[in-house]
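> Below are the sequence and a predicted model; questions follow.
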Protein chains: 2
Amino acid sequence: MLELNLALHSSTAEPLFLQIVRGITEAIQQGRLGSGDKLPGSRRLAKSLGVHRNTVLAAFDELVAQGWLLQSERSGTFVNHTLPEVQLQQTATLPGYPTRMGFAFHPIAARRPQMFHTPPGELVMAGGWPEVRYLPLTELSRAYRRALGRHGQSLLSYGDPAGHPALRQELARMVAQRRGLSVTTDNVVLTHGAQMGIFLAAQLLVRPGDVVAVERFGYPPAWTALRTAGAHLEPLPVDEQGLCVDSLERLLQRMPVRAVYLTPHHQFPTLAVMGASRRMRLLELARQHRFALIEDDYDNEFHYEGQPVLPLASADTHGVVVYIGTLSKVLAPGLRAGFVIAPAPFCEAMVALRGHLDRQGNQVQEVALASLFEEGLIERHIRKMRKIYKARRDHLHQTLQHHLPKDLSYDLPRGGLAIWARVHEPWNAVQWSQKAKQQGVHFETGESYVFDQSPQPFLRLGFARLNEEELTQAVTSMKKALDTMRPTSKG
Amino acid sequence: MLELNLALHSSTAEPLFLQIVRGITEAIQQGRLGSGDKLPGSRRLAKSLGVHRNTVLAAFDELVAQGWLLQSERSGTFVNHTLPEVQLQQTATLPGYPTRMGFAFHPIAARRPQMFHTPPGELVMAGGWPEVRYLPLTELSRAYRRALGRHGQSLLSYGDPAGHPALRQELARMVAQRRGLSVTTDNVVLTHGAQMGIFLAAQLLVRPGDVVAVERFGYPPAWTALRTAGAHLEPLPVDEQGLCVDSLERLLQRMPVRAVYLTPHHQFPTLAVMGASRRMRLLELARQHRFALIEDDYDNEFHYEGQPVLPLASADTHGVVVYIGTLSKVLAPGLRAGFVIAPAPFCEAMVALRGHLDRQGNQVQEVALASLFEEGLIERHIRKMRKIYKARRDHLHQTLQHHLPKDLSYDLPRGGLAIWARVHEPWNAVQWSQKAKQQGVHFETGESYVFDQSPQPFLRLGFARLNEEELTQAVTSMKKALDTMRPTSKG
């Protein structure tokens, strides 16, 4: 009878029976145990390994079930001599974890989102990326600790899929005071970022083939969420006042529209602000045609000139607006603190769906954020960041005017975290961005945002995450990149 | 010219222009401003209100756009005398937030999940509810603080939708050591609880009308997630060894099956442990018929008798298993710390979908949990809780044997957090649970878990969240409830 030479380690976390299973499978695969070989009895093996006999029996059971061993009451335990081909290929618990799938599935037609990774020393002018260097990390940390300390046991249990009432109440108060939305806690559903709000709305609104109108220059992750629900998307033009409502009217004459997804405040990516009359026309059209307006108001707070414009939702008297909000820009994207505001019947449906999507949010964080609202800390942070962002916008503007006055043109945005600029002849936007990358500056060009991904003479220059010194450096590097593109004169 | 008597409060957070908009709309609605009335000039009104003229102009613009006011360059600003019916109904920024929807939508056929609210002084024998009174809250709080302090800025930015690599690595190590799964970080996708893992898998696997087989006694929230993706569910019987594979084979002869969702370890809700030979047959059937096995291994760690049984995924050599794990039972449901393990191509597809569902997880918490794994704290917590739960199971068993020996029968579960018991004649399970509620004890009955919601003579008695004293009290109250159900003899 053969000796197994199994090396068991009681110090590792791996259960002993699992180590035995692995050891025997390896011995068979490496040929140390051959087809038909007899194994030691369980008592003897247990003794030689210094383990309980039940441990060996459990390992044998597993190996028999997996087809590696055969057992008979009379003659003992053997390596299976009729191991079929399929089982010989099976490496059981060994490193042979499969790399391919044994079934078909339906991947979505979109890649994983950008990582926004900043290579050290490089400048990323990412328009959707707020400044996190001023985040009140100490206060946030204290708020977590307080929430855990006071209510940890209940917050870490199952809770309301709509989100913790404390944060919903603070958000209801905020949008009532700052955005003209007279809502109560019942109209607020917390989501894991704005993206989940869009995803939930899409799932409830869209059935395969339904038409959803979107901005031709817009936010691709929202389009993917809508398409995942089966939407057929119809792009509508965008001008200096945002979505062109005339075009929507023409579309409505041709086909029924289930919903319109739009960013009316600081249009993404162009920063255009939708005027009041267009907003009223949109609401009237939605009422007449009974479609939903999915209003993504992702950075309402950062408006620098004149009064902020009221959301569509603030004038919605017919229940046509699903309002998507987020603290991603106000505080930080990594918190995934989004919310949806809608009339109660739609909120109820969202909550039921959300309960079956991921059950509930992170209540510890919800309560922590509610306490920061209560203390006024979030309001103060918004005021501080608005000043900082305005100064950065102005600085980027001046620097662009100084270094690239003839190469770019743009309307200075009244709000938002980026400048959307047209690239002048003879420059090519994509080529410029590639050359700039070599100079250590990253920015996106129009193709990233246009519906058909066609070449576009636009750049989107995010200024929120770079301080004034970094912005100067970024623009001078942009200029250097242009210089490398100039045709060299050959005297 | 009329005086408006607007009361502005610069102390509130509501912007002044919004207060003016609201004040004028209210004045019109209450009749203080009549159709055709002329408003004061913007300069005069600004002066009388003590605000900048631009603030008044912004308010007028908004009111004109909303149709309340008319403006002409020559004669000034008037209350609209042609306010159409529709606009008179509009209460604009006033409390008239709609209560009904102006569009149709498709709610899911499921209510919001249970709240698991414990009325004070009452005992809830909830089977899916771990004990949170022993949670290492201080350590968790410290781990949050450390994560925020060391990496706050990057953790609060955009990150990998697959989850932070530190926690994925710890989980890969854990399942390799404890569950025979030889996987790497690339095979692990973090999810917001097990529920999101099931939801994502369903979205990738199922197209409307596809058949998914499920356990006839099973986990309804998973069924809802599968149905949301369009699945037609086929229930399969469950016996003392879990899902009946014979029945699955017969189903496969009748129709193609896209996936099987099951809980092989401690079957939910019956606690049956699937034997090794059934597991191997299931894997072989999946390989032959190219369907996916969605293996929900929700409380692997809490196994008290003999060796834990290896997951199906540990013997998967053909890429047929999507393995769903969670820390909800190990630590706490409120963390929403779930994970999925699958071959890399499926993980990639999950990550792309997840990126468009809610972008990414809570990285601060992911890093905090990774550090608790690294310190060995989670392993120690598991060992501690396993002892506590085993003692509670044994105590509940003894107490039931003592007080209700003839009223219930069950197999003592080898693992899990509940006892699944058959109710003997003449008792009715639902009636018993209602009477027990009056005695302050809550438990679920078979109908909550059976596919067709038909009456079932079963109780599910969760023991994890009640200490021994509470369990004794719960069982004596159960007995009292039975006593109220006995027919009174009328001598």
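Looks like it arrived, so ask away. Numbering: from 1, shown residues only, chains lettered A, B, ... in the order given.
> helix/strand/coil for residue A:133?
Classification of residue A:133 using DSSP: H, G, I helix; E, B strand; the rest coil returns coil.
> got a list of what it touches?
Taking Cβ atoms under 8 Å, 6 or more residues apart in numbering or on different chains, we find residue A:133 in contact with residue B:153. Every C-beta, even on glycine, is put in place using the N, C-alpha and C of the backbone.
> The closest residue to chain B within the stretch 201-350 of chain A: how many residues sit nearby?
In the stretch 201-350 of chain A, the residue found nearest to chain B is residue A:276; the distance is 2.6 Å by Cβ to the nearest Cβ. The number of residues packed near residue A:276 is 18, by other Cβ atoms under 10 Å in any protein chain shown.
> ditto for the one 5 residues further on
A total of 16 residues lie near residue A:281 under the criterion other Cβ under 10 Å.
> cool, residue A:327 as well?
Neighbours of residue A:327 under the rule other Cβ under 10 Å: 25.
> on that earlier part again, now do the contacts for the residue of the stretch 201-350 of chain A closest to chain B.
Counted by Cβ under 8 Å, 6+ apart, residue A:276 has contacts A:309-310, B:61-62, B:64-66.
> Look up the pLDDT of the residue nearest to it when sequence neighbours are not counted for me, please.
Computed as Cβ to Cβ, 6 or more residues apart in numbering or on different chains, the closest residue to residue A:276 that is not its neighbour in sequence is residue B:65, at 2.6 Å. Note on residue B:65: pLDDT of 73.
> same deal with the one 10 residues further on?
Per-residue confidence at residue B:75 stands at 82 (pLDDT).
> Next one, pLDDT for residue A:88 please.
For residue A:88, the pLDDT comes out at 41.
> ok so, going back, do you know how far the residue nearest to residue A:276 is from residue B:71?
Distance, residue B:65 to residue B:71, by Cβ to Cβ, to the nearest Å: 11 Å.
> Which of those two has more residues huddled nearby?
Ranked by neighbour count (other Cβ under 10 Å), residue B:65 and residue B:71 place residue B:65 first, with 19 against 15.
> tell me the contacts of that one?
Residues counted as contacts of residue B:65 (Cβ under 8 Å, 6+ apart) are A:275-277, A:279-280.
> Dump the residues you listed into a markdown table; add pLDDT and secondary structure as well.
As requested, the contacts of residue B:65 are exported to a markdown table (pLDDT from 0 to 100; DSSP: H, G, I helix; E, B strand; the rest coil):
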| residue | pLDDT | secondary structure |
| --- | --- | --- |
| A:275 | 83 | coil |
| A:276 | 80 | helix |
| A:277 | 83 | helix |
| A:279 | 91 | helix |
| A:280 | 89 | helix |
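> Where does residue A:260 sit: helix, strand or coil?
The three-state label given to residue A:260 by three-state DSSP is strand.
> One more: residue A:345?
helix.
> Verify the contact between it and residue B:100 for me.
Yes. Counting by Cβ atoms under 8 Å, residue A:345 does reach residue B:100; the two are 6.6 Å apart.
> hey, what's in contact with both of those two?
The contact lists of residue A:345 and residue B:100 share residue A:319, where a contact means Cβ under 8 Å, 6+ apart.
> Regarding the most centrally placed residue in chain A, which helix or strand does it belong to?
Geometric centre of chain A, nearest residue: residue A:195, 6.3 Å, by Cα atoms, centre = their mean. In this assignment (DSSP states H and E), residue A:195 forms part of helix A:193-205.
> That helix versus helix B:193-205: what angle between them?
Interaxial angle of helix A:193-205 relative to helix B:193-205 (axes from the mean of the first three to the mean of the last three Cα atoms, to 10 degrees): 60 degrees.
> Tell me the helix or strand right after helix A:193-205.
As assigned by DSSP H and E, the chain's next helix or strand after helix A:193-205 is strand A:211-215.
> name the helices or strands packed onto that following strand?
Using 3 or more Cβ pairs under 8 Å, 6 or more residues apart in numbering or on different chains; DSSP states H and E, the elements in contact with strand A:211-215 are helix A:220-228, strand A:232-236, strand A:259-262.
> That strand pairs with which strands?
Neighbouring strands of strand A:211-215 in its sheet, by DSSP bridges, are strand A:232-236 (parallel), strand A:259-262 (parallel).
> Next secondary structure element downstream of the first one?
Read it as strand A:232-236. Note on strand A:232-236: by DSSP H and E, the next helix or strand toward the C-terminus is strand A:238-239.
> Point to the helix or strand of chain A where mean pLDDT is at its lowest.
For chain A, the helix or strand with the lowest mean confidence is helix A:85-89, at a mean of 40 (criterion: mean pLDDT, DSSP states H and E).
> Quick check: next helix or strand after it?
Next along the chain after helix A:85-89, taking DSSP H and E as the criterion, comes strand A:123-124.
> Does that following strand reach chain B?
No. Using Cβ under 8 Å from any Cβ of the partner chain, strand A:123-124 stays clear of chain B, coming no nearer than 10.6 Å.
> Okay, angle between the helix or strand following that strand and helix B:137-155 too, please.
Note on strand A:123-124: by DSSP H and E, the next helix or strand toward the C-terminus is helix A:137-155. Interaxial angle of helix A:137-155 relative to helix B:137-155 (the same axes, to 10 degrees): 130 degrees.
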